[in-house]
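Student: got a structure for you, letters missing:
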């Protein structure tokens, strides 16, 4: 009886897999994305107890009080400094300031504005807007995998696969540079690129694929050729 149960499960899985449309997924071609720069994302951190009082006072004087500050260091690469208070690693019951120098791994140029994405695994990431005056605005805290242009606007893939977690999402960036979730993915996005049709292929961890059509619909697919970038 156990043997027949196993056979039935295998057949059901095969039948379910055949439901997905089989397509030629081709491969990632960097030359298609001239307004996008892909870099090696890095984070360098320094913690100091100097200037804590001044930092805290300056954040309260902002028009929108917050506990962190962002400063652009290099517009071309989107490198920036993020500063925020934390408990001191040097003294008990004291506050320190952590300064992180963050190199985003993806930068998309929108003329006078740019959008950057960083991904630091279980430690999070950020989707940022850089305006024409080099001011940085946080759009959303998220593990950004990639950013793409679609006929209906910009979309962002994000997610995380860590320990028991494996999730992914795709968001739309509206004209006000706010994000709206479009769909949950079947897992963390591993690689993404445009197909010849203009649709967006998203390969998720560990081995599933889906397509976002030019009209904004999502469907599961099975790749005949599936090369990660």
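Tutor: Here it is on my side, so go on. Note that the structure is a prediction, hence the values are computed from the model and not measured.
Student: can you give the distance of stretch 37-52 from its chain's centre?
Tutor: Here the centre of stretch 37-52 is set off from its chain's centre by 18 Å, with C-alpha atoms, centre = their mean, to the nearest Å.
Student: likewise stretch 146-159?
Tutor: 10 Å.
Student: residues making contact with that stretch?
Tutor: Outside stretch 146-159, the residues that touch it by C-beta atoms under 8 Å, 6 or more residues apart in numbering are 33, 35-36, 106, 108, 115, 117, 119, 125, 127, 142-145, 166-175, 179, 182, 185, 187-189, 192, 194, 198, 200, 202, 204, 212, 214-216. Using the backbone N, CA and C atoms, a C-beta is placed for each residue, glycine as well.
Student: filter the residues you listed to the buried ones?
Tutor: Neighbour counting by 16 or more other C-beta atoms under 10 Å classes 33, 36, 106, 108, 115, 117, 119, 125, 127, 142-145, 166-173, 179, 182, 185, 187-189, 192, 194, 200, 202, 204, 212 among the contacts of stretch 146-159 as buried.
Student: so which of those sit within helices?
Tutor: Nothing among the buried ones among the contacts of stretch 146-159 maps onto helices, per DSSP state H.
Student: from these, which land in strands?
Tutor: Mapping the buried ones among the contacts of stretch 146-159 onto strands (DSSP state E) picks out 36, 106, 108, 115, 117, 127, 144-145, 166-173, 179, 182, 185, 189, 192, 194, 200, 202, 204, 212.
Student: what about the nearest residue to residue 81 once chain neighbours are set aside, neighbour count?
Tutor: Spatial nearest neighbour of residue 81, chain neighbours left out: residue 71 (4.5 Å); criterion: C-beta to C-beta, 6 or more residues apart in numbering. Neighbour count for residue 71, taken as other C-beta atoms under 10 Å: 13.
Student: for the one 3 residues further on, same thing?
Tutor: Look at residue 74: counted by other C-beta under 10 Å, it has 9 neighbours.
Student: any idea how far residue 39 is from it?
Tutor: To residue 39, residue 74 is 11 Å away according to C-beta to C-beta, to the nearest Å.
Student: check contacts around the residue positioned nearest the centre of the chain.
Tutor: In the chain, the centroid-proximal residue (C-alpha atoms, centre = their mean) is residue 144; its distance is 0.9 Å. Shown in contact with residue 144 (C-beta under 8 Å, 6+ apart): 104-106, 117-119, 125-127, 156-158.
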